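Build me a model from this:
(one chain, ligands or ions: 4)
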Amino acid sequence: MSLTFATEQQVAVAAVRRACALTSSVFNKLVKNETLVKGDKSPVTVGDYSAQAVINTILGRAFPDDPIVGEEDAADLRVESGTALKNRIVELANETLVADLGIGEMAEWGLGPGQERIPEELLDAIDRGTYGGGRTGRMWTLDPIDGTKGFLRGEQYAVCLALIIDSKVQLGVMGCPNLPVDATKPDGPRGCIFVAVRGQGAHQTTLTGADPVPLQIPAFTSETLNFLESVEAAHSSHSFNDRVAELLAITRPPTRMDSQAKYCSLARGDGAVYLRMPTGVGYLEKIWDHAPGSILIEEAGGIITNSRGEPLDFGLGRTLGDNFGVVAAGKEVHSKVLAAVMQANKEEAEAKARSRV
Ligand SMILES: Nc1ncnc2c1ncn2[C@@H]1O[C@H](COP(=O)(O)OS(=O)(=O)O)[C@@H](OP(=O)(O)O)[C@H]1O
Ligand SMILES: [Mg+2]
Ligand SMILES: [Mg+2]
Ligand SMILES: [Mg+2]
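Ligands and ions are numbered 1, 2, ... in the order given. Reported below is the predicted structural model:
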């Protein structure tokens, strides 16, 4: 293992880029009745499974000893009723794996002509993602499509991969096929990759492999401050954000966007603050929904904590544990936002106590 993570970066970028080609092609051919509904009611498409099959196949070849904490598992594909879906996934994953080698890709990662897998190998690759995570050791975490709802709407989603060693994220790679390369040109070219390596900074490139552009969160004034927040009201509290915005006298409206594309937008200064507060008790945030985004923010010069100002803990297993939300912003902005978040939390607690008497 090299300390610069050069090979890990090369493999992760190749895997994410291939998966983005796959998800874009799935979207273009998406047949609505291929959408399953999982227990958690989130739509799971053929795209999620086949992207996880592709990325885990590549990781399994390049780093056979590394476990993976992935969002999906193949249980629904191993039963009779999943056969049609399984066949579609096998076809799509193989199409993606056998495409000609691109810049920086190696045949020994299982890529290129002639490298088709049998269905059982692809289902096993998906199930490499069932690792439980934990405090120590080296592991990858993968969200093959983050922002499934955005993906289905043709809006923002991200293919998200991170390397964690002893609970600390060391490398994050995110592919955002629908994100404009330049936010000031929303109708311009789309398709970005964001990369961050611990101690080495963060950069953006394009899915077509443009020269990397270093990322640094810019300074914001009170006039330019704004929030990046979830589209789905069930995923984070919009009303809480409204109160924090009021406390900070923010006038710019929030930018709503699905997926970890919010972290990517923050890292390049398209928005100033990512605030994600739980909407109710019970939901535990997953490590794959925040690991690559968190290192991107830190390496772009920002700070990410929960609403108590504590670092996110990636060593608790598949989740981040007790949910105290996420606050991410540039260095100067973060402390101001955190103070306002604590104030808004205090007001909520006082209002609750009053309603009890
Ligand atoms: N109740 C609840 N609270 C918080 N988060 C939840 C909740 N339910 C789901 N999820 C996770 O949200 C992920 C989608 O990312 P976002 O919430 O940022 O996007 S969205 O705007 O809300 O669509 C989404 O990731 P994907 O499933 O990969 O799309 C989920 O892991
Ligand atoms: Mg999901
Ligand atoms: Mg997700
Ligand atoms: Mg997902």
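
So which residues on the stretch 251-357 of the chain come close to ligand 3?
Within the stretch 251-357 of the chain, the positions adjacent to ligand 3 are residue 289 by C-beta under 5 Å from the ion. C-betas here are computed from N, CA, C, even on glycine.

from the stretch 251-357 of the chain, which residue is nearest to ligand 4?
Residue nearest to ligand 4 within the stretch 251-357 of the chain (C-beta to the ion): residue 288, separated by 7.3 Å.

and that residue, how many neighbours?
Neighbours of residue 288 under the rule other C-beta atoms under 10 Å: 25.

And for residue 204?
For residue 204, using other C-beta under 10 Å, the count is 23.

for stretch 297-307, which positions count as buried?
Within stretch 297-307, the residues that qualify as buried are 297, 298, 299, 300, 302, 303, 304, 305, 306, 307, counting by 16 or more other C-beta atoms under 10 Å.

Of those residues, which belong to strands?
Mapping these onto strands (DSSP state E) picks out 302, 303, 304, 305.

In this structure, what helix or strand scores lowest on average pLDDT?
Least confident helix or strand, the chain: strand 36-37 with a mean of 54, by mean pLDDT, DSSP states H and E.

Quick one: distance of stretch 93-104 to the chain centre.
Mean-position distance between stretch 93-104 and its chain equals 22 Å (C-alpha atoms, centre = their mean, to the nearest Å).

Between the two ends of that stretch, how far is it?
Chord length of stretch 93-104, first to last residue, is 20 Å (C-alpha to C-alpha, to the nearest Å).

Next one: the residue lying closest to residue 25 once chain neighbours are set aside from ligand 1, what distance?
Among residues not flanking residue 25 along the chain, residue 92 sits closest, at 7.6 Å (C-beta to C-beta, 6 or more residues apart in numbering). In this view, residue 92 and ligand 1 are 18 Å apart by C-beta to the nearest ligand atom, to the nearest Å.

in the stretch 251-357 of the chain, which spans are strands?
Along the stretch 251-357 of the chain, counting by DSSP state E, counting those that start in this stretch, strands occupy 255-256, 273-276, 302-305, 326-330.

Output the contacting helices and strands for the helix or strand harbouring the residue nearest to residue 25.
Assessed by DSSP states H and E, residue 92 sits inside helix 83-97. Here helix 83-97 touches helix 6-29, helix 46-62, helix 119-127, going by 3 or more C-beta pairs under 8 Å, 6 or more residues apart in numbering; DSSP states H and E.

For it, which residues meet the burial criterion?
85, 86, 88, 89, 90, 92, 93, 94, 96, 97.

Turn those residues into TSV, including pLDDT.
Putting the buried residues of helix 83-97 into TSV (pLDDT from 0 to 100) gives the following:
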residue	pLDDT
85	89
86	94
88	91
89	95
90	97
92	95
93	98
94	98
96	98
97	98
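
Out of the residues you listed, flag the one nearest to residue 272.
Checking the buried residues of helix 83-97 against residue 272 by C-beta to C-beta gives residue 96 as the nearest, at 36.5 Å.

so who does the closest one touch?
Counting by C-beta atoms under 8 Å, 6 or more residues apart in numbering, residue 96 makes contact with 18, 19, 21, 22, 50, 54.

any idea which of those is closest to residue 329?
Nearest to residue 329 among those, counting by C-beta to C-beta, is residue 19 at 28.9 Å.

Go ahead and confirm residue 284 touches residue 324.
No. Contact between residue 284 and residue 324 fails when scored by C-beta atoms under 8 Å: they sit 11.0 Å apart.

more neighbours, the two?
Taking neighbours as other C-beta under 10 Å, residue 284 and residue 324 compare with residue 324 leading, 19 against 13.

For the nearest residue to that one once chain neighbours are set aside, which residues are in contact?
In this structure, residue 324 finds its nearest non-sequential neighbour in residue 306, 3.9 Å apart by C-beta to C-beta, 6+ apart. The contact partners of residue 306, by C-beta under 8 Å, 6+ apart, come to 312, 324, 325, 326, 327.

With distance to ligand 4 as new columns, can the residues you listed be given to me in TSV?
Shown next, in TSV, are the contacts of residue 306 (distance: C-beta to the ion, whole Å):
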residue	distance to ligand 4
312	18
324	22
325	19
326	17
327	22
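
for ligand 3, what are the nearby residues on the stretch 51-200 of the chain?
143, 146.

and the residue of the stretch 51-200 of the chain nearest ligand 3?
residue 146 (3.5 Å).

Could you verify my assumption that that residue touches residue 156?
No. With contact defined as C-beta under 8 Å, residue 146 does not count as touching residue 156 (9.4 Å).

higher neighbour count, these two?
In this view residue 146 and residue 156 are compared by other C-beta under 10 Å, and residue 146 has more residues nearby, 27 against 24.
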